[in-house]
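[1] okay, sequence plus prediction incoming.
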Amino acid sequence: MAEFVIKDEDLSNLKDKVVVITGGSAGIGLATTKLLLSMGASVVYGDIQPPATGELDKKSSTLFVQTNVVNWTDLVALFKKGKQHFGRIDSVFTNAGVRPRARYLAFEEDENGDLKEPNHEVFDINLRSVINTAYLGVHYMKEQPEGGSIVLMASSSAIQPFRRPDYSSAKHGVFGFGRGYARLVESAGLPIRVNVMMPSMTTTGIMQNMDAMMSQVSYQAQTDSSVARCAALLMVDTSRHGEAIFVSEGKYKEVEKAVLLPAYESIKGEERISDDDVIRLLSAKS
């Protein structure tokens, strides 16, 4: 497995970059914003709420735009205001997300005695908004000669069984979208890199009193700053495209090219081409 370390010098190219982050007021988003600012980048961060008082100094290198990520108009405004303020956008981090909400064994009934539809908010926030944010990011960066980068927030629940089906399904969706979108922008010749992060359990605002909860089962969640470093690396490391990085306990492992693709090739067999190659060949003939 391709494990690697992240050194401070690996992030030096962040200086003068402009980054759009969703969910930037707390947790991993806030940690990433602080890291980027410390490296000389400018940050446009969208969130429903501004950061807590004192979390971010008001300076010319930041722009807060109140944003509900499930609202397309809000997302459009986030990018439009960011471009107007800083003149360009170099990277996008689709970080906004919420904890599991659906209760698939509750079987609640309405006033007529009919079964209520499950809660689908997680899919809107953790998947649909991610797709929309990435789509806008590519739109704003596609005309820049140097392109840009998209960092998608998935989760380790995308590659393991996880007993919160709405959350893990949304994160599976992000992972699948990232794998496909990386191939798509590459085939179109766009100078944009697309990568996916899959952190294990992390101390963030998404779960209240998480450290206390985890201590009950002798588990230490990783810090949000360790995940932020991975997001920052993927913004500036131009060698990384179409990768999926598993982040756990401050360790970073690439699993798409190192593990999953080789496993698929061994299952498929050398005598057959992949489904993606079929689409590539068909597209070339059209």
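    Looks like it arrived, so ask away.

[2] okay, CA-based contacts and neighbour counts for the rest of this
    Noted.

[3] now do the phi/psi pair for residue 149.
    phi -140, psi 150 (degrees, to the nearest 10).

[4] same thing with residue 162?
    phi -150, psi 130.

[5] so it touches residue 171, yeah?
    No: contact criterion C-alpha atoms under 8 Å: residue 162 and residue 171 do not qualify, at 10.8 Å.

[6] which of the two has more neighbours?
    residue 171 (25 against 13; other C-alpha atoms under 10 Å).

[7] where do the helices sit along this protein?
    For the chain, the helices defined by DSSP state H occupy 27-38, 72-86, 121-123, 129-141, 165-187, 210-215, 224-236, 261-268, 275-285.

[8] what would these look like in a markdown table with mean pLDDT and distance to residue 56?
    Shown next, in a markdown table, are the helices of the chain (pLDDT from 0 to 100; distance: least, C-alpha to C-alpha, whole Å):
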| stretch | mean pLDDT | distance to residue 56 |
| --- | --- | --- |
| helix 27-38 | 94 | 8 |
| helix 72-86 | 98 | 17 |
| helix 121-123 | 97 | 28 |
| helix 129-141 | 98 | 23 |
| helix 165-187 | 97 | 29 |
| helix 210-215 | 59 | 23 |
| helix 224-236 | 95 | 15 |
| helix 261-268 | 95 | 41 |
| helix 275-285 | 90 | 44 |
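
[9] could I get those helices as TSV with distance to residue 2?
    Putting these into TSV (distance: least, C-alpha to C-alpha, whole Å) gives the following:
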stretch	distance to residue 2
helix 27-38	23
helix 72-86	34
helix 121-123	31
helix 129-141	26
helix 165-187	18
helix 210-215	28
helix 224-236	14
helix 261-268	13
helix 275-285	24
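
[10] minimum distance to residue 7: which of those helices has it?
    Residue 7 lies closest to helix 224-236 among the helices of the chain, at 9.1 Å (C-alpha to C-alpha).

[11] chain center to that closest one: distance?
    11 Å (C-alpha atoms, centre = their mean, to the nearest Å).

[12] now do stretch 33-44
    Remark: stretch 33-44 is offset 17 Å from the chain centroid, using C-alpha atoms, centre = their mean.

[13] got the contact list for that stretch?
    11-12, 14-21, 24, 45, 56, 61-65, 78, 82, 228-229, 232 (C-alpha atoms under 8 Å, 6 or more residues apart in numbering).

[14] filter those residues down to the buried ones and hand me the ChimeraX line.
    Those of those that count as buried under 16 or more other C-alpha atoms under 10 Å are selected in ChimeraX with:
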select :11,12,14,16,17,18,19,20,21,24,45,61,62,63,64,65,78,82,228,229,232
